[in-house]
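Trainee: What follows is a predicted structure for the sequence shown.
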Amino acid sequence: MRFMTDDVSQPPLRKVPKPDGLVGLRGLRAIWRRRSVIGALESFHQEMGDVFRLPLPGFNPVMLVGPQASRFILITARDDVRWRIEREPITILLRHGVLVEDGESHDRIRRAMNPALHKQMLVTHIDAMTQCTDTIIDGWRDGETYDMLDEMRKVALLILSDTLFGVDFEPELERLWAGVLRAVKYISPGPWVVWRGLSHIGYNAELRKIDTFLERIIAERRRQTVQREDLIGVLMRSGMDDALIRDQLMTMIIAGHDTSTASLSWTLYLLGAHRDALQQAQAEVRAVLGDGVPTYDNINELSYLKQVFNEALRLYPPIHLGSRVANIDLEFDGYHIPAGQRVLYSIYLTQRHPAYWPEPSRFQPERFAAGEKHAPYTFLPFGGGPRNCIGAAFAQVEARVVLARLLQRVDLSFLNHNVRPYMGATLEPRPGVFMRTKKLF
């Protein structure tokens with residue numbers, strides 16, 4: 001891997017291949033077979049290797065796959081690619097949120113946010129995570145069927161608002177639910193990908209309700225003389241103005257909750273689809289927790305549940321690809337990547353790469369048993385390098401608390417097996433994860 005130079009002694013760089021007629025046709029067939037665009041990506045990867053183009057009208061990105069590609073984007077060339085792309089829905093919505101900033105601006109915001117997401121703070125959040133999970137469970141009726149995609153979204157919103165904003169979101173759920181779903185859809189791939197003039201369409205009244213909610217809680221906190229150690233408190237003490245605080249809260253309430261929603265619902269899908277794994281996870285939870293509540297110490301004893309969650313993240317990473325734009329001419333693996341080129345790296349394909357994962361499509365939690373080793377940059381559910389997910393530790397603790405409490409309190413019966421991955425803002429299980437519930441206490 002090298003950056004472009006004028007050294008004529010180096011061999012000429014290759015053009016990135018794109019699917020020809022037959023390869024493209026097989027990709028279309030794969031979409032039909034898988035009922036997902038994921039099918040085409042898998043087909044193109046199999047046919048063309050770890051570097052290929054996605055030829056779409058007005059959108060012609062280079063796709064990179066594999067650990068070398070991940071390391072290139074996340075480490076080697078990280079200062080020569082940018083995250084922020086103007087006129088895209090996620091930038092319009094988050095404005096100057098940490099997720100869409102680059103360079104010193106990103107680093108300064110991240111430093112301000114870090115204390116609220118530090119491990120020491122996570123220990124204090126366990127009780128709130130448990131209580132928020134109980135709030136949703138308590139609303140379930142025995143024998144009724146629930147879509148765990150929706151239910152885990154509710155759990156994630158309650159937890160995030162309670163622990164990071166110091167706000168009880170339950171009274172706001174019904175009023176803001178449509179806005180949350182609108183925001184997720186707004187930043188998902190859509191017609192704006194090939195026609196940028198559509199990128200503003202969809203920022204509607206429901207989305208403005210979320211802005212109004214965030215502005216209100218920021219104003220209420222400004223009136224308090226003593227600030228808590230939550231996210232709003234640390235941002236206010238850092239000197240941020242209200243507009244920039246709004247951008248970080250919007251980032252967390254939308255991007256943060258949606259990744260947790262996806263990872264929890266995929267984990268429940270896999271447990272439901274593999275009854276033996278569900279029974280083993282339930283037995284472990286009930287042996288470790290008994291009738292007690294989750295604590296920081298006892299959730300760390302749930303080794304099999306951790307394996308299941310990691311395997312769910314491997315098979316269905318919520319953030320399934322990363323998107324950058326090259327600031328300068330680059331070279332990767334002998335291929336020319338010109339300045340201004342959109343570059344995608346596929347976490348989904350990397351984590352199912354047959355060169356690094358035997359039987360890559362098989363659900364096998366034991367891959368993550370103690371002592372198992374994986375090649376660097378082959379498991380990237382939270383990204384990697386200096387810009388890894390700022391909420392990674394929070395998300396992992398949250399998942400173990402929520403899943404442990406569910407398995408402790410509820411018997412779950414899985415009802416639908418025809419679930420497919422949908423490439424939205426995150427990788428979602430569609431049409432949902434439907435389960436019949438029976439509470440144990």
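Mentor: Noted; the coordinates are in hand. Numbering: from 1, shown residues only.
Trainee: so where's the stretch 51-200 of the chain shaky on pLDDT?
Mentor: Applying pLDDT under 70 to the stretch 51-200 of the chain flags the ranges 190-200.
Trainee: For it, which segments count as helices?
Mentor: 67-71, 89-94, 103-113, 119-138, 148-160, 173-186 (DSSP state H, counting those that start in this stretch).
Trainee: ok, Asn300 - how many residues close by?
Mentor: Counted with other C-beta atoms under 10 Å, residues neighbouring Asn300 total 12. No exception for glycine: its C-beta is placed from N, CA and C like everyone else's.
Trainee: Report the contact partners of it.
Mentor: Neighbouring residues of Asn300 by C-beta atoms under 8 Å, 6 or more residues apart in numbering: Arg400.
Trainee: okay if I get the helices of the stretch 51-200 of the chain as JSON lines plus mean neighbour count?
Mentor: Shown next, in JSON lines, are the helices of the stretch 51-200 of the chain (neighbours: other C-beta atoms under 10 Å):
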{"stretch": "helix 67-71", "mean neighbour count": "21"}
{"stretch": "helix 89-94", "mean neighbour count": "21"}
{"stretch": "helix 103-113", "mean neighbour count": "16"}
{"stretch": "helix 119-138", "mean neighbour count": "17"}
{"stretch": "helix 148-160", "mean neighbour count": "24"}
{"stretch": "helix 173-186", "mean neighbour count": "18"}
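Trainee: Redo those helices as CSV? Include distance to Arg352.
Mentor: Listed next are the helices of the stretch 51-200 of the chain as CSV, based on distance: least, C-beta to C-beta, whole Å:
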stretch, distance to Arg352
helix 67-71, 13
helix 89-94, 25
helix 103-113, 30
helix 119-138, 30
helix 148-160, 22
helix 173-186, 24
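Trainee: Any idea which of the ones you listed gets closest to Val167?
Mentor: Among the helices of the stretch 51-200 of the chain, helix 148-160 comes nearest to Val167, with 9.6 Å by C-beta to C-beta.
Trainee: Show residues contacting that closest one.
Mentor: With C-beta under 8 Å, 6+ apart as the test, helix 148-160 has contacts from 125, 128-129, 132-133, 135-136, 168-170, 173, 180, 252-253, 256-258, 260-261, 264-265, 268-269, 398, 402, 428-429, 432-435.
Trainee: how about 6 Å then?
Mentor: 129, 132-133, 136, 169, 256-257, 260-261, 264-265, 268, 402, 432-433, 435 (C-beta atoms under 6 Å, 6 or more residues apart in numbering).
Trainee: The chain: strands as residue ranges?
Mentor: With strands called from DSSP state E, the chain shows them at 2-3, 51-53, 62-64, 81-82, 145-147, 321-326, 330-332, 335-337, 342-346, 410-414, 420-423, 427-430, 434-439.
Trainee: re earlier: ok, the contacts of helix 148-160 vs Gln408, which is closest?
Mentor: Set against Gln408, the nearest of these by C-beta to C-beta is Thr133 (9.8 Å).
Trainee: isn't that closest one right up against Arg405?
Mentor: Yes - in terms of C-beta atoms under 6 Å, Thr133 counts as a neighbour of Arg405; the distance is 4.5 Å.
Trainee: Just give the nearest non-adjacent residue to Val401, would you?
Mentor: Excluding the flanking residues, the one nearest Val401 by C-beta to C-beta, 6 or more residues apart in numbering is Met129, at 4.2 Å.
Trainee: contacting residues around the one you found?
Mentor: Residues in contact with Met129 (C-beta under 6 Å, 6+ apart) are 159, 398, 401.
Trainee: For the last one, grab the count of nearby residues.
Mentor: Going back to what we said before, that points to Val401. Neighbours of Val401 (other C-beta under 10 Å): 27.
Trainee: what does the second one give?
Mentor: For Glu398, the neighbour count with other C-beta under 10 Å is 25.
Trainee: And stretch 339-353, what's buried?
Mentor: Within stretch 339-353, the residues that count as buried by 16 or more other C-beta atoms under 10 Å are 341-353.
Trainee: and of those residues, the nearest to Leu54?
Mentor: Nearest to Leu54 out of the buried residues of stretch 339-353 is Leu344 (C-beta to C-beta; 7.6 Å).
Trainee: now for the strands of the chain, which one comes closest to Tyr377?
Mentor: Tyr377 sits nearest to strand 342-346 of all the strands of the chain, at 9.9 Å, using C-beta to C-beta.
Trainee: Can you tell me how far the nearest residue to Glu47 once chain neighbours are set aside is from Phe44?
Mentor: Distances taken as C-beta to C-beta, 6+ apart place Val23 nearest to Glu47, at 4.9 Å, with adjacent residues excluded. Separation of Val23 from Phe44 (C-beta to C-beta, to the nearest Å): 7 Å.
Trainee: Could you chop this protein up by domain?
Mentor: Per the record, the chain has its domains at 1-95+320-380, 98-290+392-441, by automatic domain parsing.
Trainee: Isn't Ala326 up against Ile337?
Mentor: Yes - using C-beta under 6 Å as the test, Ala326 is close enough to Ile337 to be in contact (5.3 Å).
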